[in-house]
Structures are given as C-alpha cells and as structure tokens.
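J.: heads up, no residue letters with this:
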C-alpha cells in the first residue's frame, strides 16, 4: 500500500503529460513542446543506444560519464574540505574565531555569480567546473559539521581530557565517529545544489556532459532529447541520494534512531 501511494503521483504526472501531449498534437502535429511518448522513445533509441554519426560514440553514456566524474570530484573535494574545516572550527576555539566567520560569509555568496571569475582564473576546462561545485557546497558542509561538533555533549570532552586525552585523541576517538554520519547526511543534502552548479557550468563552457547536451539541443526546441535527459539526471541524483542514505543506515544505525528520537 505504501509503495502504491508513493508511485501514484508519478502515474498521475505521466497521465497528465500524455493527455496534454495528445491535445497539443491533435491541434498541431508538428508541435515540439510536448512530444509524444513514441517520439521520445525514438529519441532515446538514437542517443542512448546508437553511435553518433559524427563521433561514433553513444552520446548519453559519454555525457553521463563526463558529468559524473566532475560531480564526484567536486563533491568529494567539498566533503573533505567541509569535514576538516567543520571539525577544526567545532573543536578548536582559536580556529573557530578566525575561520568560522569567513566560512559563514562565503556560504552566502551565490556561486553562479562567481562563474565568470572562475572561467577567467581557471580557464574553461575541468578545474573551473569542479571549483564551482566546491565553492557552492563546501561551506554548507563545513557549517553543518561544525554545528554537529558543537552539539556533542560537553561532558564527553571533559571525561576524555580527564583521562589524559590530547586534542588529537579527542578528535579521532570522540568527535570523528559521531560526526561521520552527519557528514554523509550533509553530502546528501548538498547533491541537489551540486547538480545545479554542474549543469550551469557545463551549459556555459563544455564540449560534453549532460548539461552541455541539454543546452545544445534547446536551440532546436528538441524536447524529445531534453525531457529524457532531465529524467535521467533526476534518476541519477535519486540513486546517489538513496545510496548515501543506505550507507548511513548500515554503517551508523544509531544515527537514524537518534534522529527519530529527536
């Protein structure tokens, strides 16, 4: 029953699209805004299973590999930076006083507004796209991790210090084990913005990638290609989110239970 209730909105959305498409195509057989499912199927066959006549590559898989590699690098670097900065700001008062205000201000800067600067500084290659993702989500991850560290019971720190633990031992044995699930959860929440920044960068300056393909065919009003690409991006994002959620549940079962209690 729960599964059916979850699927129902998707079924209704497909039915609504099918009805609207049939109505528009009945009035104008050449309408490109809402192509029929058969036209979309033919487009999928063309770009997902047939080699390109120009390059000999299957476009969907080449674009997917390019986008996922950029996204993985950007999210990975952001997670590492956010983790270390967040832990340092949460544990060491001197670092918090100096670095926390900067991270807070940086998190307020719209990353898309920095895109022209990144292209000028780093060029139009892969680095600028990865840096855009890092600037967009690393401050958020750092602030989330810092908040988690500051929420840890102060008694744990006192007991560890009483037992002779150094700052590094407190970080490794007390802080990190409790912060890791929060880090993964912060990465989950940042996947949406990360995809947004990636698509924007690929649309402006790229020769491959999912965002590049969408903005390339938009000039021809090729909705038969755009719609499947959008659905594919959504599916990839959902699978990544689901994978991280399962990882947290398996590796840190106590974290989900603690959130439910809260």
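T.: That came through, no problem. Just so it is clear, the model here is predicted, and its values are computed rather than measured.

J.: helix/strand/coil for the residue positioned nearest the centre of the chain?
T.: With distances taken as C-alpha atoms, centre = their mean, the residue of the chain nearest its centroid is residue 191 (1.9 Å). At residue 191 the chain is in helix, as set by DSSP: H, G, I helix; E, B strand; the rest coil.

J.: Residue 110 versus the residue lying closest to residue 190 once chain neighbours are set aside, what's the distance?
T.: Nearest non-adjacent residue to residue 190, counting by C-beta to C-beta, 6 or more residues apart in numbering: residue 137, 4.0 Å away. All C-beta atoms are positioned from the backbone trio N, CA, C, and that covers glycine. According to C-beta to C-beta, to the nearest Å, residue 137 and residue 110 sit 13 Å apart.

J.: And those two? Which one has more around it.
T.: Legend: neighbour count by other C-beta atoms under 10 Å for residue 137 and residue 110, higher for residue 137 (29 against 9).

J.: How about the contacts made by that one?
T.: 74-75, 78, 82, 190, 193-194, 197 (C-beta atoms under 8 Å, 6 or more residues apart in numbering).

J.: try 6 Å this time
T.: By C-beta atoms under 6 Å, 6 or more residues apart in numbering, the contact list for residue 137 reads 78, 190, 193-194.

J.: Show the buried residues in the residues you listed.
T.: Buried members of the contacts of residue 137, scored by 16 or more other C-beta atoms under 10 Å, are 78, 190, 194.

J.: what about the second one, distance to residue 106?
T.: This points to residue 190. Residue 190 sits 14 Å away from residue 106, going by C-beta to C-beta.

J.: element containing the nearest residue to residue 187 once chain neighbours are set aside?
T.: Using C-beta to C-beta, 6+ apart and skipping residues adjacent in sequence, the residue nearest residue 187 is residue 79, 5.3 Å away. Residue 79 belongs to helix 59-91 when assigned by DSSP states H and E.

J.: Give the other helices and strands that that helix contacts.
T.: Helix 59-91 sits against helix 37-49, helix 93-106, helix 126-151, helix 176-204, helix 210-217, with contacts defined as 3 or more C-beta pairs under 6 Å, 6 or more residues apart in numbering; DSSP states H and E.

J.: who wins for proximity to residue 232 among those helices?
T.: With C-beta to C-beta, the closest approach to residue 232 among the helices and strands packed on helix 59-91 belongs to helix 210-217: 7.2 Å.

J.: what inclination does the following helix or strand past the closest one have with respect to helix 176-204?
T.: Note on helix 210-217: by DSSP H and E, the next helix or strand toward the C-terminus is helix 223-251. Following axes from the mean of the first three to the mean of the last three C-alpha atoms, to 10 degrees, one obtains 170 degrees for the angle between helix 223-251 and helix 176-204.

J.: give me the number of residues near residue 82?
T.: Residue 82 is flanked by 26 other residues according to other C-beta under 10 Å.

J.: Disregarding flanking residues, what is the spatial nearest neighbour of it?
T.: The spatial neighbour of residue 82 that comes closest, neighbours along the chain excluded (C-beta to C-beta, 6+ apart), is residue 141 at 2.8 Å.

J.: was I right about the one you found contacting residue 188?
T.: No - contact criterion C-beta atoms under 6 Å: residue 141 and residue 188 do not qualify, at 10.5 Å.

J.: Counting neighbours, go ahead and name the busier of those two.
T.: In this view residue 141 and residue 188 are compared by other C-beta under 10 Å, and residue 141 has more residues nearby, 28 against 17.

J.: What residues does the more buried one make contact with?
T.: The contact partners of residue 141, taken as C-beta under 6 Å, 6+ apart, are 78, 82, 186.

J.: is it possible to export those to a markdown table including pLDDT?
T.: Shown next, in a markdown table, are those (pLDDT from 0 to 100):
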| residue | pLDDT |
| --- | --- |
| 78 | 96 |
| 82 | 95 |
| 186 | 94 |
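
J.: Alright, I will stop here.
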